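**Student:** predicted coordinates and the sequence they were generated for:
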Amino acid sequence: MSPRIEDYAIIGNTCTVALVGKHGSIDWLCVPRFDSPACFAALLGAEKNGRWSIAPKGEIKSTRREYRADTLILETEFETSDGVVAIIDFMPIHERLGQVDLVRIVEGRKGRVTMQMEAVFRFDYGHVMPWVTAQHGGLRAIAGPDAIALHSTVEMRGEDFTTKADFVVAEGHRVPFTLTYYPSHEPEPGGKHPYQMLKETESWWREWAGRCTVQEPWREPIMRSLITLKALTYGPTGGIVAAATTSLPEKIGGERNWDYRICWLRDSTFTLYALSIAGYYDEAKAWRQWLLRAIAGEPAKLQIMYGLAGERRLTEFEVPWLAGYENSAPVRIGNAAHEQFQLDVYGEVMDSFYAARKQGFDSEPEAAAVQNALMEFLEAAWKEPDEGIWEVRGPRRHFTHSKMMAWVAADRAVKLIEKFGNAGPADRWKKLREEIRAEVLARGFNPRRNAFVQDYGSDLLDASLLMMPLIGFLPATDPRVISTVAAIEHDLLSDGLVKRYQTQSDVDGLPPGEGTFLACTFWYADNLALMGRQDEAREVFERLLSLRNDVGLLAEEYDTIGKRQVGNFPQAFSHVSLINTAHNLSLSKGPAKTRAN
């Protein structure tokens, strides 16, 4: 049986990430290109397709792990009958684009422990077996454009297409392993000593974390979430991926399995607030600049997601030779939803530009022209049906949330003119704002349900409507918002957590079933706080914190029946929402209270 998703932690270098299992395995490592075939391992738990394991030989009495404070350096400690040993896993911050170093240091802490190492190298999502050759101090694996080198002070041997090593580590002794990825047409890069890299990496993360302006309460979960966002950032461009993985299922055994190693526009405003409120203005500016570059071009062709450098062609295909995590097929690479039309992204983009100006960022020279071009397109396009925030693969509809976000676009366009001196037809866009608002109030609210509903004429609830007071469309104390939240509590609340909507094939074109969506539950806490239900809001927030794994990480969703995390991992949107909700509960000017001002 595969390890649970929450059994993993991540290490990274602001260029790529690896997932480290609780029992000493690394089951996922991608090089820093979205479409690269050099996946070290094919999928979590897919041992036959690639895995690198270092663990004590024999019975393990207990396992404990934690990150070194305010860093992305992971320490996993094993207790055996012979003693105690730790594995220190980290990635040095990249010094050369295209090179990835992954360092594992085995440290004896008590007695003498016999260890074993096994490595199975596979590229192209488990499809390609590389040619492995021994070399001084280690080995090299090469196939096509990709190469990796593994070096250590212990002797390694090959058995049945597996690299193995047995060694003993005594108290006070260390045994290092360094795995380096590099393009195969280049010479193997030199490297620093593993212990020097450890020292430099720890200093780098401590310095970065020291810039955080967040104080108690909840500093620890906020800081861990900020570090996770930094790990999910592609340093060369400033893009932030939605998650580190692809195809981890939203329902175990189901087919709602998507590639999330892509940057979504819908996360943009939430991310700007999460970074800037915590004092990370450089990262927030880099994200805004990535956004400007990515969306440049014809407004009608604005995508909902882009690659790490703003790539637009994210063609989705399946890899049938993989069974998927716990037999959850298909495994998908790329994401066909990039071709969808979603009105809400226009609102998110305009809101992010407005949020950046409110946070004190200077206007980019081309920003006003881009904003006006988007609005001129939206003046007619907002009336069209779309696929909605949840990227349904059924027919287009008039989603209430989409229309609401079109209102946000018009509202922020007017405010950019009135508050920051942007050039534009303020009076025309004020009329547009009122026209959209009137339609949403008339057609998005269902008197039979006494609630705003998923799309015009529907009886279904949708958790995206929890954003209504968060973006300033209606106050949380409006009777229609209060009754909508009550209806969501009735229809979508499961064990205190919120589902996105009632999944069913005639709604979104896919088989039903998924976990509760963690970001939506954070929005639910925000709504409770804005309604004055502070104690309930804090209770929901503390419940969400309790769902983090032992090193503070969250996936996209939580299965309330199986009591486990599901979906891609770790999920940026979950951690961004954690940061913002913590601020909403502890600050008088949290983003939910000031976003539309």
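**Tutor:** Perfect, thanks for sending it.
**Student:** so this structure: which segments form each domain?
**Tutor:** Under the assignment automatic domain parsing, the domains of the chain span 5-209, 219-594.
**Student:** quick one: end-to-end distance for the shortest one.
**Tutor:** Looking back up the chat, that one is domain 5-209. 26 Å (Cα to Cα, to the nearest Å).
**Student:** and the longest helix belonging to the chain, which residues are buried?
**Tutor:** In the chain, with assignment by DSSP state H, the single longest helix is helix 400-420. By neighbour count, with 16 or more other Cβ atoms under 10 Å as the criterion, the buried positions of helix 400-420 are 400-417. Heads up, the C-betas are built off the backbone N, CA and C, glycines and all.
**Student:** same question for stretch 470-477.
**Tutor:** In terms of neighbour count (16+ other Cβ under 10 Å), stretch 470-477 has its buried residues at Leu470, Ile471, Gly472, Phe473, Leu474, Ala476.
**Student:** quick one: contacts for the closest residue to Thr213 other than its chain neighbours?
**Tutor:** Leaving aside its sequence neighbours, Thr213 sits nearest to Gly279 (Cβ to Cβ, 6 or more residues apart in numbering; 3.6 Å). By Cβ atoms under 8 Å, 6 or more residues apart in numbering, the contact list for Gly279 reads Arg211, Cys212, Thr213, Val214.
**Student:** which of those sit farthest apart?
**Tutor:** Within those, Arg211 and Val214 form the most distant pair, 10.4 Å apart (Cβ to Cβ).
**Student:** which one's more surrounded, these two?
**Tutor:** A count of neighbours by other Cβ atoms under 10 Å puts Val214 above the other of Arg211 and Val214, at 19 against 13.
**Student:** ramachandran angles for that one?
**Tutor:** Taking degrees, to the nearest 10, you get phi -70, psi 140 for the backbone angles of Val214.
**Student:** burial check on Lys192, number of neighbours?
**Tutor:** Neighbours of Lys192 (other Cβ under 10 Å): 15.
**Student:** tell me the secondary structure at it.
**Tutor:** Assigned state for Lys192: coil (three-state reduction, DSSP: H, G, I helix; E, B strand; the rest coil).
**Student:** list phi and psi for it.
**Tutor:** Main-chain dihedrals, Lys192, degrees, to the nearest 10: phi -80, psi 170.
**Student:** pLDDT score for it?
**Tutor:** We have a pLDDT of 87 for Lys192.
**Student:** ok, it - contacts?
**Tutor:** Pro92, Glu200.
**Student:** picking that back up, out of the domains of the chain, which gets the lowest mean score?
**Tutor:** domain 5-209 (a mean of 87).
**Student:** enumerate the positions of the biggest strand by length in the chain that are buried.
**Tutor:** Longest strand in the chain, counting residues (DSSP state E): strand 100-120. For strand 100-120, burial by neighbour count (16+ other Cβ under 10 Å) applies to 100-109, 113, 115, 117-120.
**Student:** now stretch 222-239
**Tutor:** The neighbour-count check on stretch 222-239 (16+ other Cβ under 10 Å) flags 222-235, 237-239 as buried.
**Student:** ok, now stretch 520-537?
**Tutor:** Using 16+ other Cβ under 10 Å as the test for burial, stretch 520-537 gives 520-531, 533, 537.
**Student:** okay, these in a markdown table with secondary structure next?
**Tutor:** Formatted as a markdown table, the buried residues of stretch 520-537 follow (three-state DSSP):
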| residue | secondary structure |
| --- | --- |
| Cys520 | helix |
| Thr521 | helix |
| Phe522 | helix |
| Trp523 | helix |
| Tyr524 | helix |
| Ala525 | helix |
| Asp526 | helix |
| Asn527 | helix |
| Leu528 | helix |
| Ala529 | helix |
| Leu530 | helix |
| Met531 | coil |
| Arg533 | coil |
| Ala537 | helix |
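**Student:** for these, give me a markdown table that also has distance to Asp427.
**Tutor:** A markdown table is the format used below for the buried residues of stretch 520-537 (distance: Cβ to Cβ, whole Å):
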| residue | distance to Asp427 |
| --- | --- |
| Cys520 | 36 |
| Thr521 | 40 |
| Phe522 | 37 |
| Trp523 | 33 |
| Tyr524 | 37 |
| Ala525 | 38 |
| Asp526 | 33 |
| Asn527 | 33 |
| Leu528 | 38 |
| Ala529 | 35 |
| Leu530 | 31 |
| Met531 | 34 |
| Arg533 | 39 |
| Ala537 | 39 |
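**Student:** just the angle between the helix or strand just after the longest helix of the chain and helix 400-420, please?
**Tutor:** Going down the chain from helix 400-420, the next helix or strand is helix 426-443, by DSSP states H and E. Following axes from the mean of the first three to the mean of the last three Cα atoms, to 10 degrees, one obtains 150 degrees for the angle between helix 426-443 and helix 400-420.
**Student:** can you name the element that comes right after helix 426-443?
**Tutor:** Following helix 426-443 toward the C-terminus (DSSP H and E): strand 445-446.
**Student:** residues contacting Thr213?
**Tutor:** Ile277, Ala278, Gly279.
**Student:** which SS class is it?
**Tutor:** Quick answer, by three-state DSSP: Thr213 is coil.
**Student:** report the separation between it and Leu275.
**Tutor:** Using Cβ to Cβ, to the nearest Å, Thr213 is found at 11 Å from Leu275.
**Student:** C-alpha coordinates for stretch 516-526, CSV please?
**Tutor:** Written as CSV, here are the backbone C-alpha positions of stretch 516-526 (Å, rounded to 0.1, in the frame of the first residue of the first chain):
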residue,chain,number,x,y,z
THR,A,516,-13.7,18.8,1.1
PHE,A,517,-11.8,21.8,-0.4
LEU,A,518,-9.5,23.4,2.2
ALA,A,519,-9.4,26.9,0.6
CYS,A,520,-13.2,27.0,0.7
THR,A,521,-13.2,26.2,4.4
PHE,A,522,-10.8,29.0,5.0
TRP,A,523,-13.2,31.3,3.2
TYR,A,524,-16.0,30.0,5.4
ALA,A,525,-14.0,31.0,8.5
ASP,A,526,-13.5,34.5,6.9
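**Student:** chain center to it, what's the gap?
**Tutor:** How far stretch 516-526 lies from its chain's middle: 15 Å, per Cα atoms, centre = their mean, to the nearest Å.
**Student:** stretch 179-188 now?
**Tutor:** 28 Å.
**Student:** got the CA positions of the following helix or strand past the longest strand of the chain in PDB?
**Tutor:** Remark: after strand 100-120, the chain's next helix or strand is strand 131-135, criterion DSSP H and E. Below are the C-alpha coordinates for strand 131-135, written out as PDB (Å, rounded to 0.1, in the frame of the first residue of the first chain):
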ATOM      1  CA  TRP A 131      22.100   3.800 -18.700                       C
ATOM      2  CA  VAL A 132      23.900   3.500 -15.300                       C
ATOM      3  CA  THR A 133      27.700   3.400 -15.100                       C
ATOM      4  CA  ALA A 134      30.000   3.300 -12.100                       C
ATOM      5  CA  GLN A 135      32.500   6.200 -11.600                       C
END
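**Student:** okay, Val214 and Leu518: tell me how far apart.
**Tutor:** Val214 is 20 Å from Leu518, by Cβ to Cβ.
**Student:** should've said Pro469
**Tutor:** Distance of Pro469 to Leu518, given as Cβ to Cβ: 19 Å.
**Student:** and the helices in the stretch 251-400 of the chain, which stretches?
**Tutor:** 268-277, 281-295, 344-358, 367-381, 400-420 (DSSP state H, counting those that start in this stretch).
**Student:** the shortest one packs against which elements?
**Tutor:** Based on contacts counted as 3 or more Cβ pairs under 8 Å, 6 or more residues apart in numbering; DSSP states H and E, the elements that helix 268-277 packs against are helix 219-231, helix 281-295, helix 344-358, helix 572-586, helix 591-594.
**Student:** okay then, goodbye and thanks.
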